[in-house]
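Enquirer: all I have is the shape, not the residue letters:
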Ligand SMILES: O=C(O)COc1ccc(-c2c[nH]c(CNC(=O)Nc3ncc(Sc4ccccn4)s3)n2)cc1
């Protein structure tokens, strides 16, 4: 199962692991890249020296291409951008902002640039800036989200631009990959599914919270601050919801949502931490090695495409 994305990014399988803050470390990125997908280090809100260590880790573990995700709301975004250019990272993805003014410098250093976009307008703007592809992320995703669903947004972006589209948000098995390819996407990006990879270094409590989650547990907080974030329902989200219902939109809500991610991922505090995860958490029931996650995805997608589609046509 190959697509134009495989040629563009020099990967065997059109599967990208999301560059999640605190979660996407060198170990996880290396395991996904070694298995033929594209592993991505998540810079999140970390400083350059911390991320440099993760880059060195990946380069020790595999010589396959890998990526770095730059979260543009990070206070350290500028130094991470300089690090990415110096390190000649094969693929750079960006989130939570517009990477417009950096695209040319990234590409001059030999990097492919693949921004996440939450709308058709931003996808069009990125194409005009000559980025290499876009990740179209639906509101089903965990973390900082847009308002449109993957099912509605992906085909509209595909009709609006001519560079490859990667579908993200609500995808965790072969059916999701088959659906994305049927919509015309060149591949998929998965975050929540790879949190439950054996090589993921997130706290066991964080992974267990995802395994236990049901369909309606991935709720959105922080709409009142303009930075909506999807996380699993817990004491923290209930407290934020009360503050927002009372109309007391305070900086505390922003801090609560994004400042508490580390507590959940690193310390395993899944009651007062921000357990960022997508709506697909309810589908994930096992912790598997990254290579198995990828193998299952490809095999199941090929079965769906061969069987379901053919039966429908006969
Ligand atoms: O500048 C503009 O026009 C706005 O552009 C954009 C607006 C939103 C996005 C966007 C949506 N989703 C993504 C990719 N996903 C993410 O970025 N997910 C994230 N999860 C946790 C994060 S940590 C955080 C979150 C909020 C505030 C501070 N820190 S970032 N990017 C991309 C571009």
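Expert: Structure received. The model shown is predicted, which means the values in this text are computed figures rather than measured ones.

Enquirer: was I right about residue 79 contacting residue 45?
Expert: No. Counting by C-beta atoms under 8 Å, residue 79 stays clear of residue 45, with 11.9 Å between them. Heads up, the C-betas are built off the backbone N, CA and C, glycines and all.

Enquirer: more crowded one of these two?
Expert: Using other C-beta atoms under 10 Å, the more surrounded residue of residue 79 and residue 45 is residue 45, with 19 against 15.

Enquirer: which ones are touching the residue lying closest to that one once chain neighbours are set aside?
Expert: Excluding its sequence neighbours, the residue lying closest to residue 45 (C-beta to C-beta, 6 or more residues apart in numbering) is residue 74, at 4.6 Å. Residues in contact with residue 74 (C-beta atoms under 8 Å, 6 or more residues apart in numbering) are 43-46, 80.

Enquirer: tabulate those (CSV), appending distance to residue 149, pLDDT and secondary structure.
Expert: Output for the contacts of residue 74, formatted as CSV (distance: C-beta to C-beta, whole Å; pLDDT from 0 to 100; DSSP: H, G, I helix; E, B strand; the rest coil):
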residue, distance to residue 149, pLDDT, secondary structure
43, 27, 97, coil
44, 25, 95, coil
45, 27, 94, coil
46, 30, 96, coil
80, 30, 98, helix
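
Enquirer: neighbour-wise, which of the residues you listed leads?
Expert: Each of those was scored by neighbours using other C-beta under 10 Å; the highest score is residue 43's, at 31 neighbours.

Enquirer: could you check how far the residue in the stretch 151-300 of the chain that the ligand sits nearest to is from residue 252?
Expert: Closest to the ligand within the stretch 151-300 of the chain is residue 258: 3.8 Å, counting by C-beta to the nearest ligand atom. Using C-beta to C-beta, to the nearest Å, residue 258 is found at 12 Å from residue 252.

Enquirer: mind listing what's buried in the helix or strand that residue 178 is a member of?
Expert: Residue 178 belongs to helix 174-183 when assigned by DSSP states H and E. Burial within helix 174-183, assessed by neighbour count using 16 or more other C-beta atoms under 10 Å, is assigned to 174-181, 183.
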